[in-house]
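Asks: Fold the following for me, if possible:
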Amino acid sequence: MPALPSDIAAAMRQQIVVSAQDLTIKGRFPSARDNSDSPAEGFFDSASDASTALAQRVALLGAVRRRFSVSVADLVDVPAGTIPTHRVIDSEQGLDASLLMTRIEVDLETEQSKVEYFG
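Replies: The predicted structure follows:
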């Protein structure tokens, strides 16, 4: 299939690199992204589109999140059609936050649950 003129024009346009880094995050996690300084590829029509997407990516990846495992001496119910979140309080870890339940293990014989939270 031959290339269309619009495809040829798109391939010949000048390339630009839009970048951002958070030195606080890079200092806290020096081996993040396999300690690689190579950029994540993305293809956009304009630098402003790339900057918008990059700002969203930095906001998602730049936030510090932690994972917790909690044993519950009861069966944990997850109502259908809801996003399972619970308030987790742990003074040892300095935690008092609503976290997303990412994994649940239920032992029906002992009526206990092991829940994993992320947030």
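
Asks: I'd guess Met101 is in a strand, am I close?
Replies: Yes - Met101 forms part of a strand when assessed by DSSP: H, G, I helix; E, B strand; the rest coil.

Asks: so where's the longest helix in this protein?
Replies: In the chain, assigned by DSSP state H, the helix with the most residues is helix 47-62.

Asks: Check which element follows that helix along the chain.
Replies: strand 67-72 (DSSP states H and E).

Asks: Report the buried residues of that following strand.
Replies: Phe68 (16 or more other C-beta atoms under 10 Å). (Each C-beta comes from the backbone N, C-alpha and C, glycine too.)

Asks: mind checking pLDDT for Asp37?
Replies: Looking at Asp37, its pLDDT stands at 63.

Asks: So for the longest helix of the chain, what gets flagged as buried?
Replies: Under the neighbour-count criterion of 16+ other C-beta under 10 Å, helix 47-62 has 50, 54 buried.

Asks: And the contacts of that helix?
Replies: For helix 47-62, contacts defined as C-beta atoms under 8 Å, 6 or more residues apart in numbering pick out 16, 18-20, 22, 25, 40, 42, 44.
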